[in-house]
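Peer 1: Return atomic coordinates for the entry below.
(2 chains)
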Amino acid sequence: SAVISQKPSRDICQRGTSLTIQCQVDSQVTMMFWYRQQPGQSLTLIATANQGSEATYESGFVIDKFPISRPNLTFSTLTVSNMSPEDSSIYLCSAAPGTLETQYFGPGTRLLVL
Amino acid sequence: AQKVTQAQTEISVVEKEDVTLDCVYETRDTTYYLFWYKQPPSGELVFLIRRNSFDEQNEISGRYSWNFQKSTSSFNFTITASQVVDSAVYFCALTRSGYALNFGKGTSLLVTP
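Peer 2: Numbers count the residues shown, from 1 in each chain, chains lettered A, B, ... in the order given. Sure, this is the predicted structure:
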């Protein structure tokens, strides 16, 4: 298994500002994933982050809005840029240690944009 | 493309009742992995089980059991003698190795005393 931590756990932000979310894994992993969960909805993949390469974004998500860094094999950040109330969601990171099969999730970052 | 359908949006049961959460999936991959996750009101996503496509053996863990049937593309989850602490949203998910998870819409389970 893996222990994944996220910071901050929650935040309230003003429209037009940016927030960077940090994700730390207790072991080295090849890929990390960022998901968004809008209120009352399921999880939607934002992007896949490989160490040493550009993140791969899903349809509907762009790098200018959600820049991602992956500086090493245990850490990643997701920035939500130029926020609007529609960005209010839970943002979760995940990783699959070992055999790339079972993904474990961080506790999530609850973001409210006013 | 992979797809997961959880047709039950909300289920409400009384404590000690048995409840089954349905999950139907679609994939063209011959090797794939199915999962169930629990999301309690606190929001974290808790891994419950992973099942490989080549292993159709059903599994039991305490009050939880899972029925995987490739013939019907289903991976159903049964909670026996439900408890209030089982109240949560349960997600079924599908993936292939090295890829992100494709989630169903989730089933919200409410267990009342």
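Peer 1: switch to C-alpha atoms for all contacts and neighbour counts from now on
Peer 2: Noted.
Peer 1: Contact residues of chain A facing chain B?
Peer 2: Contact residues (CA under 8 Å from any CA of the partner chain) of chain A with chain B: A:31, A:33, A:41-45, A:48, A:99-108.
Peer 1: What residues sit buried inside stretch B:24-33?
Peer 2: Residues of stretch B:24-33 classed as buried under the neighbour-count rule (16 or more other CA atoms under 10 Å in any protein chain shown) are B:24-25, B:32-33.
Peer 1: Who does the residue minimising distance to the centre of chain A form a beta bridge with?
Peer 2: By CA atoms, centre = their mean, the mean C-alpha position of chain A lies nearest to residue A:34, the distance being 3.5 Å. Listed by DSSP bridges, the beta-bridge partners for residue A:34 are residue A:47, residue A:93.
Peer 1: One more: residue B:33?
Peer 2: residue B:52, residue B:95.
Peer 1: wait, what's in contact with it?
Peer 2: By CA atoms under 8 Å, 6 or more residues apart in numbering or on different chains, the contact set of residue B:33 is A:101, B:50-53, B:94-97.
Peer 1: What separation do you get for it and residue A:78?
Peer 2: According to CA to CA, to the nearest Å, residue B:33 stands 27 Å off from residue A:78.
Peer 1: Check which residues of the helix or strand of chain B with the lowest mean pLDDT are buried.
Peer 2: Lowest mean confidence among the helices and strands of chain B (mean pLDDT, DSSP states H and E): strand B:59-61, at a mean of 88. Across strand B:59-61, burial judged by 16+ other CA under 10 Å covers no residue at all.
Peer 1: just to revisit the earlier point, columns pLDDT on top of the buried residues of stretch B:24-33, output as TSV?
Peer 2: Below are those laid out as TSV (pLDDT from 0 to 100):
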residue	pLDDT
B:24	98
B:25	97
B:32	93
B:33	93
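Peer 1: Could you single out the nearest of those to chain A?
Peer 2: Closest approach to chain A among the buried residues of stretch B:24-33 (CA to the nearest CA): residue B:33, at 7.3 Å.
Peer 1: Farthest from the middle of chain B: give me that residue.
Peer 2: Most peripheral residue of chain B (CA atoms, centre = their mean): residue B:113, 23.0 Å.
Peer 1: Contacts only, for the nearest residue in space to that one that is not next to it in sequence.
Peer 2: Excluding the flanking residues, the one nearest residue B:113 by CA to CA, 6 or more residues apart in numbering or on different chains is residue B:15, at 5.2 Å. Counting by CA under 8 Å, 6+ apart, residue B:15 touches B:81-84, B:111-113.
Peer 1: Can you flag the buried ones in these?
Peer 2: Counted by 16+ other CA under 10 Å, these give B:82-83, B:111 as buried.
Peer 1: when you scan the helix or strand encompassing residue B:109, is anything in it near chain A?
Peer 2: Element membership of residue B:109, judged by DSSP states H and E, is strand B:107-112. No: counting by CA under 8 Å from any CA, chain A has no neighbours in strand B:107-112; the shortest distance is 9.8 Å.
Peer 1: and that strand, how far out from the chain's middle?
Peer 2: Remark: strand B:107-112 is offset 13 Å from the chain centroid, using CA atoms, centre = their mean, to the nearest Å.
Peer 1: Residue B:57 contacts residue B:68, correct?
Peer 2: Yes: at 7.1 Å, residue B:57 counts as touching residue B:68 under the criterion of CA atoms under 8 Å.
Peer 1: before we move on, back to that, buried subset of the contacts of residue B:33?
Peer 2: The buried subset of these - by 16+ other CA under 10 Å - is A:101, B:50-53, B:94-96.
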